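Student: starting from these lines, generate the structure:
(2 chains)
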Amino acid sequence: NAGVTQTPKFQVLKTGQSMTLQCAQDMNHEYMSWYRQDPGMGLRLIHYSVGAGITDQGEVPNGYNVSRSTTEDFPLRLLSAAPSQTSVYFCASSYDVELGIPGELFFGEGSRLTVL
Amino acid sequence: SQQGEEDPQALSIQEGENATMNCSYKTSINNLQWYRQNSGRGLVHLILIRSNEREKHSGRLRVTLDTSKKSSSLLITASRAADTASYFCATDASSGGSNYKLTFGKGTLLTVNP
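Tutor: Prediction:
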C-alpha cells in the first residue's frame, strides 16, 4: 500500500498565485486532515474531513479551502498565496474514528511551500 | 492555541541512556497520542493511550498518563542513535464541541549521541 501520498513535494509560488496541494490515501480512511508545520510552532490543524462531502475548519483555516468529493482524496487549495503561508504542509488520515474521536494518524511525507 | 505542550524543548543524551519527555495539556481528553518525526519526514505514530488508562508499553517505549495532573510522559529506554528525532504529543478535546480536532504540541527534539 502507498499509504498517504502528497504532491508536490516542493513548490515555489509568487504572492497572489493560486495552487492546490494534493493528498490521496489508499487505506479507505474516513478521516483526513491538513496541518501546517512552522519552526517553533509545532503542527497546526487547517481543515479536516470525516467523510466524503463533510469538511470542517481547524485552528488556522483562513486562506485555505478544501473539498472531499471521494474517500480517497482531500485537496488543499490556496486561492491567493501570501508569504505567511510559507510552510511545510502535512496531510494525515485515520481509520479509527470512535465516537467522533480520530485514532492513529497516518501522515504523508509533506509538501514544502515557499511563497515569495 | 496548543492543547498539549512538551517539555523539555530539547534533550541530548548518550546512547544507552533513558530519555523522558513530558506533555501537559489544558482540557479533558479522550485519548493522548505520541508521534515521532525524523528530520524532513512525516510524523509516525508511536502509541495511543486512552483517558481511562494509566500506563502503556510498546517495545522500548513506556507512556504514562495522569489525568488529574493533565500530563503524560514518554520514556524511551536504552536509547539508540536512531531514536534521534522530534517527539510530539497530540490530544483531542472531550469537553464540548467537535472531538475530531487532534492538536499537537511544539515537540521535544531528542538527540542521542553515539
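Student: all strands of chain A, in order?
Tutor: A:4-7, A:10-13, A:19-25, A:31-38, A:42-51, A:54-57, A:64-66, A:76-78, A:87-94, A:106-107, A:111-115 (DSSP state E).
Student: and the contacts of the fifth one?
Tutor: When you say that, I think you mean strand A:42-51. Strand A:42-51 has contacts (C-beta atoms under 8 Å, 6 or more residues apart in numbering or on different chains) with A:30-38, A:55-61, A:64, A:66, A:68, A:71, A:74, A:76, A:89-90, A:97, A:100, B:2, B:43, B:88, B:100-107. (C-beta placed from N, C-alpha, C; glycine too.)
Student: at 7 Å instead, please
Tutor: A:30-37, A:55-61, A:64, A:66, A:68, A:74, A:76, A:90, A:97, B:2, B:88, B:100-101, B:103-107 (C-beta atoms under 7 Å, 6 or more residues apart in numbering or on different chains).
Student: cool, and stretch B:44-57?
Tutor: A:103-105, B:29-36, B:58, B:61-65, B:67, B:72.
Student: at 8 Å instead, please
Tutor: The contact list for stretch B:44-57 (C-beta under 8 Å, 6+ apart) reads A:103-107, B:28-38, B:58, B:61-67, B:72, B:74, B:87, B:94.
Student: alpha carbons of that stretch, as PDB, please.
Tutor: The C-alpha atoms that make up stretch B:44-57 are tabulated as PDB, following Å, rounded to 0.1, in the frame of the first residue of the first chain:
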ATOM      1  CA  VAL B  44       5.000   8.400  12.600                       C
ATOM      2  CA  HIS B  45       2.500   7.200  15.300                       C
ATOM      3  CA  LEU B  46       4.100   5.600  18.300                       C
ATOM      4  CA  ILE B  47       1.500   5.000  20.900                       C
ATOM      5  CA  LEU B  48      -2.100   5.900  21.900                       C
ATOM      6  CA  ILE B  49      -3.200   5.900  25.500                       C
ATOM      7  CA  ARG B  50      -6.900   6.300  26.500                       C
ATOM      8  CA  SER B  51      -8.100   8.500  29.300                       C
ATOM      9  CA  ASN B  52      -9.000   5.500  31.400                       C
ATOM     10  CA  GLU B  53      -5.500   4.000  31.100                       C
ATOM     11  CA  ARG B  54      -2.600   4.900  33.300                       C
ATOM     12  CA  GLU B  55       0.300   3.200  31.600                       C
ATOM     13  CA  LYS B  56       1.100   1.600  28.300                       C
ATOM     14  CA  HIS B  57       4.100  -0.100  26.800                       C
END
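Student: okay, buried residues for it please.
Tutor: Neighbour-count burial for stretch B:44-57 flags B:45-49, B:56 (criterion: 16 or more other C-beta atoms under 10 Å in any protein chain shown).
Student: which of the residues you listed lies closest to chain A?
Tutor: For chain A, the nearest member of these is B:His45. The distance, counting by C-beta to the nearest C-beta, is 4.5 Å.
Student: give me the next element, helix or strand, following the strand or helix carrying the closest one.
Tutor: For B:His45, the host element (DSSP states H and E) is strand B:43-50. Later in the chain than strand B:43-50, the nearest helix or strand by DSSP H and E is strand B:55-58.
Student: chain B against chain A: which residues are in contact?
Tutor: With C-beta under 8 Å from any C-beta of the partner chain as the criterion, chain B comes near chain A at residues B:1-2, B:30-31, B:33, B:35, B:40-45, B:48, B:88, B:90, B:92, B:98-107.
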